[in-house]
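Just need the structure, nothing else, for what follows:
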Amino acid sequence: MTTGTGSGARVGATAGALGGAASGSASGSTSDATTDARADVRELRRFNRFYTNLIGALDYGRHLYTPYTLTEARVLYELAHHERVDAADLRLSLSLDAGYLSRLLGKFERSELISRGKSDEDPRRQRITLTEGGREAAGLLEERSQDAAGTLLQHLPAADRARLVDAMRTLRTLLEKGAEGAPEGTGEDSPQGAPGSAGSAGSAGSLRSAGPAGSAGSAGRFPGDSPASGVTLRTTRPGDLGWMVERNATLYAAEYSFDLRYEALVARIVAEYAESFDPRWDHTWIAELGGERVGAVMCVRDGRPGVARLRLLLVEPGARGHGVGRHLVDACVEFARDAGYRELVLWTNSVLDAARRIYQQAGFELVGESPHHSFGQDLRGQDWRLAL
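Residues are numbered from 1 along each chain as shown. Okay, the predicted model is just below:
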């Protein structure tokens, strides 16, 4: 997970509202609902105190042996992981007071950690860029944060670690505020040997892919933000990989008239993933909405050192408009970054507008495109890249 900060009061209020609504419907009594809501709030605050103490949030600098507070470290993190950051976007994404952020950035500038200038897109906006010294500081913070998080997990058995990660994703999803309502579309996999898909063969990397996507999320969000409420992600269970093959084949045949060769390609991709799976470098997420499978995505080794590939992104038509695609892409980006990859790549086709919007808003850049004939259709393939 991406390191994040939040307001305890805001989270507590949100949890209280959730608890009150649920309890009221169950008990049918206003007084019982109020009592249950208060108990929920107390439990949330108890967890907040436990977790902030566990990660050393109250004395963050000493916890990681750095001169930076938790807020300063988070700002450096965002600047280090996004090529173009404006001060206004930074303030909104981290929910920081404008005056406080201005003073913090002034401190960074005096310490020669950042430089400030006019935004290329809008000269009224201030573009923030890390200096070489700033990147060194952010890199040190990243290394120590990774070590600290790893220490918390290292003694947990694999099954308990999976339960913990799933629970954290559920927590983020249920407490996320705001909805994403853009229509959702699909992306897809590059046929082996198609233009734009050439690359070294090897573990999980000989078949290039990027799959059916979802709605584009809100502009200005960073990868640490959670998408629309109600969507949860989990790891795969028996039968999920087969479901991915079936749903990819069915949806692409219905929506893009892809022939049987596409289903064959997806089946090879899934089989290769299962045979060469390494949890350190590979991961698949299943998205659920109302307890039903509505989407999936893979993050796998690309075959080149330090490069991961996003593959088989899929969102069911009935779930489009709920931010499922953005949720899946964000999870893939976070996993790749935390695993130590230097870049994340994908291949898709130009006709898939909604998918391409998601990739753009997640920070991917188009690095090449070329026409090809695959799956019985004339298509224009595109290669996208995200520096991590």
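
got the buried residues for stretch 81-93?
Buried positions in stretch 81-93, judged by neighbour count with 16 or more other C-beta atoms under 10 Å: 81-82, 85-91, 93. In short, each C-beta sits where N, CA and C put it, glycine included.

now those in TSV, with pLDDT, secondary structure and distance to residue 116?
Shown next, in TSV, are the buried residues of stretch 81-93 (pLDDT from 0 to 100; DSSP: H, G, I helix; E, B strand; the rest coil; distance: C-beta to C-beta, whole Å):
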residue	pLDDT	secondary structure	distance to residue 116
81	83	coil	18
82	77	coil	15
85	82	strand	11
86	82	strand	10
87	83	helix	8
88	79	helix	13
89	77	helix	14
90	82	helix	11
91	82	helix	14
93	77	helix	18
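
Let me know the closest of those residues to residue 47.
residue 93 (23.9 Å; C-beta to C-beta).

where in the stretch 1-150 of the chain is pLDDT low?
Applying pLDDT under 70 to the stretch 1-150 of the chain flags the ranges 1-35, 60-63, 83, 121-122.

got the residue ranges for the helices in it?
8-27, 30-54, 60-64, 70-80, 87-94, 98-110, 132-153 (DSSP state H, counting those that start in this stretch).

Would you mind finding the most buried of those helices?
helix 70-80 (a mean of 20; mean count of other C-beta atoms under 10 Å).

Contacts for that helix next, please.
For helix 70-80, the external contacting residues (C-beta atoms under 8 Å, 6 or more residues apart in numbering) are 2-5, 57, 60, 64, 66, 68, 85, 90, 93-94, 96, 101, 104-105, 107-108, 113-114, 128-130, 134-135, 137-139, 141-142, 145, 222.

So what's the gap between it and the chain middle?
17 Å (C-alpha atoms, centre = their mean, to the nearest Å).

Now residue 366: which helix or strand?
strand 365-374 (DSSP states H and E).

Neighbouring strands of that strand in the sheet, and parallel or not?
Using DSSP bridges, strand 365-374 pairs in its sheet with strand 377-387 (antiparallel).

centroid residue for the protein?
For the chain, residue 330 is the residue whose C-alpha lies nearest the centre (C-alpha atoms, centre = their mean; 1.5 Å).

now it: how far from residue 172?
10 Å (C-beta to C-beta, to the nearest Å).

then the strand holding residue 366 to CSV, C-alphas only?
Below are the C-alpha coordinates for strand 365-374, written out as CSV (Å, rounded to 0.1, in the frame of the first residue of the first chain):
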residue,chain,number,x,y,z
GLU,A,365,2.5,8.1,-21.2
LEU,A,366,2.0,7.0,-24.8
VAL,A,367,5.4,6.0,-26.1
GLY,A,368,4.6,4.3,-29.4
GLU,A,369,1.8,3.1,-31.7
SER,A,370,1.4,1.1,-35.0
PRO,A,371,-1.3,-0.6,-37.0
HIS,A,372,-1.8,-4.3,-37.0
HIS,A,373,-4.4,-6.9,-37.9
SER,A,374,-5.3,-9.3,-35.1
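
Buried residues in it, which are they?
369, 372, 374.

ditto for stretch 108-123
108, 113-114, 119.

First-to-last residue distance for it?
22 Å (C-alpha to C-alpha, to the nearest Å).

Tell me if I'm right that the residue nearest to the centre of the chain and residue 362 touch.
Yes: using C-beta atoms under 8 Å as the test, residue 330 is close enough to residue 362 to be in contact (6.8 Å).

ok, which stretches of the stretch 251-388 of the chain are helices?
Going by DSSP H, counting those that start in this stretch, the stretch 251-388 of the chain shows helices at 260-276, 324-339, 353-361.

out of those helices, which comes closest to residue 153?
Among these, helix 324-339 sits nearest to residue 153 (C-beta to C-beta), with 11.2 Å.

Using CSV, write down the CA coordinates of that closest one.
The C-alpha coordinates for helix 324-339 follow below in CSV (Å, rounded to 0.1, in the frame of the first residue of the first chain):
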residue,chain,number,x,y,z
VAL,A,324,-13.6,-0.3,-10.8
GLY,A,325,-11.0,0.1,-13.6
ARG,A,326,-9.2,3.0,-11.8
HIS,A,327,-9.2,1.0,-8.5
LEU,A,328,-7.5,-2.0,-10.3
VAL,A,329,-5.0,0.2,-12.1
ASP,A,330,-4.1,2.0,-8.9
ALA,A,331,-3.5,-1.3,-7.1
CYS,A,332,-1.3,-2.5,-9.9
VAL,A,333,0.8,0.7,-9.8
GLU,A,334,1.2,0.5,-6.0
PHE,A,335,2.2,-3.1,-6.2
ALA,A,336,4.8,-2.5,-8.9
ARG,A,337,6.2,0.4,-7.0
ASP,A,338,6.4,-1.4,-3.7
ALA,A,339,8.0,-4.4,-5.4
